[in-house]
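Engineer: Model the structure of this input:
(chains A and B)
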Amino acid sequence: MHRIVKPKNKRSKRFLDAKESQIIENTKTAMFIRGSQTSDVVNNALKEIYIMKKPNAVMFTKKNNIRPFEDFTSLEFFSNKNDASLFVFGSHNKKRPHNLVMGHLYDYHLLDMFELGIESFQSMNSFKNTKLTVGSKPCLVFAGELFNSDHSYKRLKYFLISKFLPGSDGAKRPPRWARACPLLHCCDGKVVLKSYKTLLKKSGTKTPRVELEEIGPSMDLVMRRTHLATTDLYKRSLKVPKTAKPKKRKNISIDAFKTTHGRVHMEKQDLGNLQTRKMKALKRVREEKKQKEAQPRNKELRSQCIRVRNKILIKPA
Amino acid sequence: MAASTNELVQDVLESVKKQFKSITVEKDIEVDVDCGNLLVCDQNPIDIKLYRSNKNEFISSLARDNTQLLFNQIWKLPIHKVDDVVVAEIPDPQIRIPREKPVPKAKKLTKWQEYAELKGIQKRKRSRLVFDEETKEWVPRFGYKSKNDLKKDWLLEVPDNADPFEDQFAKKKGEKKERVAKNELQRLRNIARAQKSKGVLFAISYSHFLLKDPLGGYFSEDTWDHMQQFFDGNMFGSFMVLKLRKIPSKSQIQYLHCSNSNQNNNRSRDGLIPKPQQSQDEVNQAFHLAKKSTASIGRFEEKLPKEIVEKNSRKKRKFEPTFGQLDKEKDREKKILNHILLGKPKLDIAKAVNKEMRDGEVVEDERESRRRQKGRGSKKALPKSVRRGNRGNKSSYR
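Structural biologist: Residues are numbered from 1 along each chain as shown, chains lettered A, B, ... in the order given. This next block holds a predicted model:
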């Protein structure tokens, strides 16, 4: 995109550059917004999901009188302001008690939005185990048929993946990283969200035995209203840029000493015309030349001669 | 002896094995493990009886089994050390997640860049500092304290032919300003060039426009492709932000609708529902409606080239204030009275002049045509060789 108004200084230029769409994207940031009325449960849930998402999250301190399912323009505005594409909105009222509205945006426009009611909630503090460290990478487990069969639950699954997705800090991660493991499990039409810490135990083999320790938060969620993007828009949001995939390097390898080796394929060399070392002794004398001229002009004979010469040239080794 | 050692080894191994719990997990349906996303999707049906009998234990054991499966896969990946940290090389994720922003488009080259590419001019790095021969110092190439800094000049030479009273300082400053302005203009021109193909921007609620699909907002790939002939833009939720390139013609619109399989013949007040036979008027109406569907009732929408004027546009009637502006009312009444009292037809000068000119042209044309008929006839009627011969006088002398 062309900027018509030029940024006044380097800092603002850097900010705008970072905000522009990139081929390989950064980790999505999430906004945590409280509605005009919230319950204690909702507040705690917001806070704890915020902690789970922390380096890439913004917690709004003021209340916002928004009704996402009636008008989501202010969410889009917030998304643009904060350069964040995920949001969690908490509210509480008589009709929909302990309400969480989660969603993601594409290009600052709403993609999917799910309204989830909190049925039961257990805070992190109620578990006496050690807490997870900030920025630990979560692995996700989805269990239950509904996540694969139902359209809206499927979308919810993809949304939750994009929400808790570990940051894309290259393709390499140490295997001893994963501390948290939010489990999303669907049963009785409820989505059960739990989080555990992984403990790696000896198993007698190279691969460790995994044990889990619950650290919270844990909640039972019920799907209420949904707003799903059209399939077409959703499809476009999934587009992978061509340049994001690295080009295959052919015939180039790097060995243990980090020297690059290349393999070159060549045409078959014509050894008949190989230039050997030039020496006076090997030069043709006048007589020889004369002889050559005297040779029969018959093409067949000449070609035979050449063939014989080639053989000699190849042989000496 | 050898047999006994073997037994001993096996005993030890088994006793070790008994110490540890196993890492194998069995499932009826194989679990999808996506190492790239660190994700496990377990499709096995949940045993509801077990789940209800002991909820927490059931869930934690389910989670453990699935994470074990994930970790088994991860430990199979190639591992190497980076700065004394064991690192696994994790493959690309299998499940695709929606992007945050659309894929960046290639920027259109500026005019200079285009030229440079054509000529093969390479961009080269210029040093920030340059050596000033006069002061024997390194100074910035441009800007504050640079060699050409305008503030540096305390004395300027008046050129021979210049007006001695002209302020040379102001002149230099003005020239500089002009150069800056020219550069800015060129920058804007480059932006305009890049934007040119994009047309006028419309925000169209697609429940309002002809693009509504009776299935409830699901477009087939095909339809979208056809639509892209006319629009640049994206669909967001219930809104389509479109940049209309040109107004589609009747047949093209028909084509668009035909490519949508399910048709609905109901005509709603708030737009156009696709059907095989769509009149131009209907499309126009929908178009104008869409144009008005902005926050500012379409007041700031730009006009398209060859836009058709809206039929039966309900213009808002404006009334004069009921009191306070007597002068205006008096003037208006006076004008009418004058017009009646004069009893002459009103003379529109512009119209009259135009008419006069047109009449003159007609007369001229008539004369011309008459002259042609009388004359030798048009040159084109003659064969080529004759025409050539007549052109040059010399040849006719020969």
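
Engineer: and the longest helix along chain B, average pLDDT?
Structural biologist: Ranked by residue count and defined by DSSP state H, the top helix of chain B is helix B:168-195. Averaged over helix B:168-195, pLDDT sits at 88.

Engineer: can you check stretch A:22-37 too?
Structural biologist: So the average pLDDT for stretch A:22-37 ends up being 91.

Engineer: got the buried residues for it?
Structural biologist: Across stretch A:22-37, burial judged by 16 or more other CB atoms under 10 Å in any protein chain shown covers A:22, A:25, A:27-35. Placement of C-beta: from N, CA and C, glycine included.

Engineer: now the end-to-end length of it.
Structural biologist: Taking CA to CA, to the nearest Å, stretch A:22-37 runs 37 Å from one end to the other.

Engineer: So is that stretch next to chain B?
Structural biologist: Yes. Shown here: stretch A:22-37 in contact with chain B (CB under 8 Å from any CB of the partner chain) through A:22-23, A:25-26, A:28.

Engineer: elements contacting the longest helix of chain B?
Structural biologist: helix B:111-119 (3 or more CB pairs under 8 Å, 6 or more residues apart in numbering or on different chains; DSSP states H and E).

Engineer: Which strands or helices does the helix it packs on pack on?
Structural biologist: Partner elements for helix B:111-119 (3+ CB pairs under 8 Å, 6+ apart): helix B:168-195.

Engineer: Could you pull out the buried residues of the helix it packs on?
Structural biologist: B:190-191.

Engineer: what angle sits between that helix and helix B:111-119?
Structural biologist: Here helix B:168-195 points in a direction 70 degrees away from that of helix B:111-119 (axes from the mean of the first three to the mean of the last three CA atoms, to 10 degrees).

Engineer: For chain A, which element, helix or strand, carries the lowest mean pLDDT?
Structural biologist: One helix or strand of chain A scores below all others by mean pLDDT, DSSP states H and E: strand A:172-173, with a mean of 46.

Engineer: now the helices: where do they sit in the chain?
Structural biologist: In the absence of a named chain, this looks at chain A. A:10-19, A:40-52, A:73-82, A:146-149, A:151-164, A:231-237, A:286-294, A:299-314.

Engineer: was after chain B, sorry
Structural biologist: B:2-19, B:48-53, B:55-74, B:111-119, B:168-195, B:221-227, B:250-259, B:280-292, B:326-342, B:349-374, B:384-391, B:393-397.

Engineer: Now for the residues of stretch A:22-37 next to chain B: which two are most distant?
Structural biologist: Put simply, by CB to CB the two of those set farthest apart are A:I23 and A:K28, 15.7 Å from each other.

Engineer: Not counting its neighbours along the chain, what's nearest B:V33?
Structural biologist: B:Q73 (4.8 Å; CB to CB, 6 or more residues apart in numbering or on different chains).

Engineer: I figured the one you found was touching B:C35, is that so?
Structural biologist: Yes. Using CB atoms under 8 Å, B:Q73 is in contact with B:C35, at 5.5 Å.

Engineer: Looking only at neighbour counts, state which of those two leads.
Structural biologist: Neighbour totals were compared for B:Q73 and B:C35, and B:C35 leads with 20 against 17 (other CB atoms under 10 Å in any protein chain shown).

Engineer: residues contacting that one?
Structural biologist: By CB atoms under 8 Å, 6 or more residues apart in numbering or on different chains, the contact set of B:C35 is B:70, B:73-74, B:77, B:90-91.

Engineer: And for B:E117?
Structural biologist: B:L109.

Engineer: Look at it and report its pLDDT.
Structural biologist: Reported pLDDT for B:E117: 92.

Engineer: Please tell me how far it sits from B:A194.
Structural biologist: Here the criterion is CB to CB, to the nearest Å. By it, B:E117 lies 16 Å from B:A194.

Engineer: ditto for A:F147
Structural biologist: 44 Å.

Engineer: you'd agree B:I90 is up against B:G36?
Structural biologist: Yes. In this structure, B:I90 is within contact of B:G36 by CB under 8 Å, at 6.0 Å.
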